[in-house]
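Asks: Below is the sequence, then the predicted model.
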Amino acid sequence: MLYRLIGIFYFLTAFLVLGCKSPEKKEVGKEPKNPDAYVLVENWLKMPEDLVLGNPTGLGTDSENNIVVFHRASRVWQEPMPEDKIQENTILVIDKQTGEILKSWGADLFIMPHGLEVDKDNNVWITDVALHQVFKFSADGKLLLKLGEAQIAGNDAEHFNLPTDVAVSDDGSFYVSDGYGNSRVVKFSKDGTYLFEWGKFGNKQGEFNIPHGIDLDRDDNVYVADRENNRIQKFDANGNFIAVWQNKITEQLYSVNIDNQNEHLFGIDYMTVDDTIVRGSDIFRFDLDVNLQTQFGRTGFYDGPISRYHDIQIDDEGSIYVGDILGNRVQKFKLK
């Protein structure tokens, strides 16, 4: 009798605990998107017949989330560098939805376009590796600031050697990845006053072998695409090393970009076999501690051909834009 009563007690307890448990609630209309599923937007960019897209080396977004592209028009990479300026417009502003060109400018200003950054005030920052200079323009192309001496390479507070990219803080100070020749990152005040620098050629923490791309998060942590070391290094605003992600698959890590929500870091790489057979690029997404979350392109599932990506930009909807310097195109990938 006692055992029967004990059995009834456990049965009732289980019924009350399990049978009366409320079902798990799901909010209607708020099913999460699969963050790892990106699809190519076919034929997104609409180039007019009278405008030729050259190597798209730098990408940015303005306050209206238009895509801003820095390209080389009819110019191709040459060594030694040419000395004449490109006569076509090299800056394009593109509607992110329709892919139509809204405006273009930048003729007779640059020799070898490379990096582009658009700050919170829609100023356009440019690096030209042949001029060894960094420029700041207003959104309509008015020159506001110029650093470096035209076509004079150097390694001091007033000179660059093939500078690759710019990242601008909300307070107006900015960082230059300098670059092919100097393997350093240089910080300047809002008015262009030299503040400090860090880095030298090498593969240890805080050293670089072509710092090729650079970006900041909202805490002004600095993320550097250390191209030939094939890694991303993270530093604080004063250049103190924080973390590193080492790409063990390919040989070149080209660019980095923080999304508008300050939640993810994106990067792109490039791979060849014996410097002759093109294997293409991958797109990477990380958290801000540089932990890899997802990867697609050459080594994963994707829609559309992956070629040689030089820069990457993320819009406010999480769509990815990449500049392909082999295919001379800008591709858009959106979340499914």
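Replies: Looks like it arrived, so ask away.

Asks: So what sits opposite the residue most central in space within the chain in the bridge?
Replies: In the chain, the residue lying closest to the centroid (CA atoms, centre = their mean) is Asn257, at 3.0 Å. Taking DSSP bridges as the rule, Asn257 bridges to Phe266.

Asks: Tell me who's in contact with it.
Replies: When contacts are counted by CB atoms under 8 Å, 6 or more residues apart in numbering, Asn257 is found next to 213, 215, 265-267, 311-314. Yep, even glycine has a C-beta here, placed from its N, CA and C like the rest.

Asks: Kindly reformat these as JSON lines and extend each row with pLDDT and distance to Leu116.
Replies: Output for those, formatted as JSON lines (pLDDT from 0 to 100; distance: CB to CB, whole Å):
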{"residue": "Gly213", "pLDDT": "98", "distance to Leu116": "11"}
{"residue": "Asp215", "pLDDT": "98", "distance to Leu116": "12"}
{"residue": "Leu265", "pLDDT": "98", "distance to Leu116": "18"}
{"residue": "Phe266", "pLDDT": "97", "distance to Leu116": "16"}
{"residue": "Gly267", "pLDDT": "96", "distance to Leu116": "17"}
{"residue": "Asp311", "pLDDT": "98", "distance to Leu116": "7"}
{"residue": "Ile312", "pLDDT": "98", "distance to Leu116": "12"}
{"residue": "Gln313", "pLDDT": "98", "distance to Leu116": "9"}
{"residue": "Ile314", "pLDDT": "97", "distance to Leu116": "14"}
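
Asks: For Phe70, state which of the residues you listed is nearest.
Replies: Distances from Phe70 to the contacts of Asn257, taken as CB to CB, are shortest for Asp311 (8.3 Å).

Asks: hang on, the earlier thing: identify the farthest-apart pair in the contacts of Asn257.
Replies: Pairwise distances across the contacts of Asn257 (CB to CB) peak at 14.3 Å, for the pair Leu265 and Asp311.

Asks: now do the same end-to-end measure for stretch 257-269.
Replies: When the termini of stretch 257-269 are compared using CA to CA, to the nearest Å, they are 13 Å apart.

Asks: Could you verify my assumption that Ile111 touches Pro80?
Replies: No - assessed by CB atoms under 8 Å, Ile111 is found out of contact with Pro80, at 11.5 Å.

Asks: Who has more neighbours out of the two?
Replies: Ile111 (21 against 6; other CB atoms under 10 Å).

Asks: so which strand or helix has the more buried one?
Replies: Using DSSP states H and E, no element contains Ile111; it sits outside every helix and strand.

Asks: Helix or strand for the closest residue to it other than its chain neighbours, just tell me which one.
Replies: Of all residues not flanking Ile111 in the chain, Ala130 sits nearest, at 3.7 Å (CB to CB, 6 or more residues apart in numbering). Here Ala130 sits in a region with no helix or strand, counting by DSSP H and E.
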